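Student: just coords:
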């Protein structure tokens, strides 16, 4: 097995002292151009890779930032993680990602693993981790929370209530009054806010809230399909659906397609997130855009500022309704969706 190249090996190859090699690598002091060039060529010839972890620990840091997300495989969280990666790309810090798999106990376990790895800071994306645990962690390291509001912690997020309100208001303006809602898990603050936004839009339009038109899902595609099946099994009359995220809207669309229900001719459909795939949906999905990539970027910049003792004010991030072809003017307010067996 080939032995690892050390800093001393590079120094001997370049004909300089180890301290000179260290200064070139760290950029901590000026080095004469000739010596610098010799060091860089020696590094290339020997294929030397500095031990970043060792360098960080020598400074009392691991140079890593732990990131706990609800689900790494989620397209939405994938956008946020990409934003974190991009923001840290040219810094000395590296992210370590862990998933809670939509469960509070898994999230806590992921946090404990990251803390055990001696990360320098944490970014926690949404989730159900108890506030008390996060407030305890912030005593020993910077913690930035995305998608939740917790007093005593720096938090980033968007107005889920307003985003949902605008999505439902769009359907109301198209003439829809029987609007079903596929809600997210009610253990999640963002899902609760989106349900409240849905209810407020109905209230302001003088439309009575009908609990039989609300079905709770889990933010994944199969739950959107099952939600529509549940609505049809109840014999519910609806002409539009507001789904709490795009993935559940995708599932809802499949259920409607299998029943011969056309979107948007028979039922209009609105999602939430504006995933990259939503513009290529059939038909292209009307949805409420939330800036996942930008939220990941801003969370990383904020945690970097906290680590370095700098002040940083994150950009205000807002939702925006993106109107595509999955919504249309109400055509037949009295048509009942067929609920025969598949």
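Tutor: Now that the structure is in, tell me what you want to look at. Just so it is clear, the structure is predicted and the values come from calculations on it, not from any experiment.
Student: sec struct for residue 123, please.
Tutor: In three-state terms, and counting by DSSP: H, G, I helix; E, B strand; the rest coil, residue 123 is strand.
Student: Contacts only, for it.
Tutor: Residues near residue 123 by CB atoms under 8 Å, 6 or more residues apart in numbering: 65, 66, 67, 68, 84, 143, 144, 145, 146, 299, 300, 303. For the C-beta atoms, the positions are set from N, CA and C on the backbone; glycine is no exception.
Student: Quick check: the fifth one vs residue 93, distance?
Tutor: When distance is defined by CB to CB, to the nearest Å, residue 84 is 10 Å away from residue 93.
Student: Quickly list what's touching both of those two.
Tutor: With CB under 8 Å, 6+ apart as the test, residue 84 and residue 93 both reach residue 65.
Student: which of the two has more neighbours?
Tutor: residue 84 (26 against 21; other CB atoms under 10 Å).
Student: Contacts only, for the more buried one.
Tutor: With the criterion set at CB under 8 Å, 6+ apart, residue 84 makes contact with 65, 67, 95, 123, 296, 297, 299, 300.
Student: Specify the beta-bridge partners of the third one.
Tutor: Meaning residue 95. residue 65 (DSSP bridges).
Student: hang on, it packs against residue 87?
Tutor: No: contact criterion CB atoms under 8 Å: residue 95 and residue 87 do not qualify, at 9.2 Å.
Student: Next, show the common contact partners of the two.
Tutor: Shared contacts of residue 95 and residue 87, counting by CB under 8 Å, 6+ apart, come down to residue 300.
Student: do you know how far residue 170 is from residue 191?
Tutor: Taken as CB to CB, the span from residue 170 to residue 191 is 20 Å.
Student: With neighbour numbers in mind, choose between these two.
Tutor: residue 191 (23 against 20).
Student: mind listing what the closest residue in space to that one that isn't next to it in sequence touches?
Tutor: Leaving aside its chain neighbours, residue 191 sits nearest to residue 184 (2.9 Å; criterion: CB to CB, 6 or more residues apart in numbering). By CB under 8 Å, 6+ apart, the residues touching residue 184 are 190, 191, 194, 195, 216, 217, 218, 219, 244, 245, 248.
Student: Quick check: the gap between residue 184 and residue 227.
Tutor: Distance from residue 184 to residue 227, by CB to CB: 11 Å.
Student: And for residue 254?
Tutor: 11 Å.
Student: Comparing the two, which residue is more hemmed in?
Tutor: Neighbour count, other CB under 10 Å: between residue 254 and residue 227, residue 227 has more, with 25 against 14.
Student: Only the buried residues of the strand or helix carrying the more buried one, if you could.
Tutor: Taking DSSP states H and E as the definition, one finds residue 227 inside helix 221-233. The neighbour-count check on helix 221-233 (16 or more other CB atoms under 10 Å) flags 221, 223, 224, 225, 226, 227, 228, 229, 230, 231, 232 as buried.
Student: what about the strands in the protein?
Tutor: 64-69, 94-99, 121-125, 143-146, 155-156, 179-183, 214-216, 240-243, 268-273, 286-289, 320-322 (DSSP state E).
Student: Out of these, the one nearest residue 331 is which?
Tutor: Residue 331 sits nearest to strand 268-273 of all the strands of the chain, at 9.9 Å, using CB to CB.
Student: By mean pLDDT, flag the weakest helix or strand of this structure.
Tutor: One helix or strand of the chain scores below all others by mean pLDDT, DSSP states H and E: helix 52-58, with a mean of 53.
Student: The closest residue to residue 114 other than its chain neighbours: neighbouring residues, count only.
Tutor: Take residue 114 and drop its neighbours on the chain: the residue closest to it by CB to CB, 6+ apart is residue 66, 3.3 Å away. By the measure other CB under 10 Å, the count of residues near residue 66 is 26.
Student: Correct me if wrong: residue 128 contacts residue 187.
Tutor: Yes: contact criterion CB under 8 Å: residue 128 and residue 187 qualify, at 5.5 Å.
Student: Return every residue with contacts to both of the two.
Tutor: residue 104.
Student: more neighbours, the two?
Tutor: residue 128 (18 against 13).
Student: Would you map out the domains in the chain?
Tutor: 7-50, 64-156+292-316, 160-285 (automatic domain parsing).
Student: Name the stretch among the ones you listed that sits most buried.
Tutor: Of all the domains of the chain, domain 160-285 carries the top mean neighbour count, a mean of 20, counting by mean count of other CB atoms under 10 Å.
Student: starting at the chain centroid, how far to that domain?
Tutor: 20 Å (CA atoms, centre = their mean, to the nearest Å).
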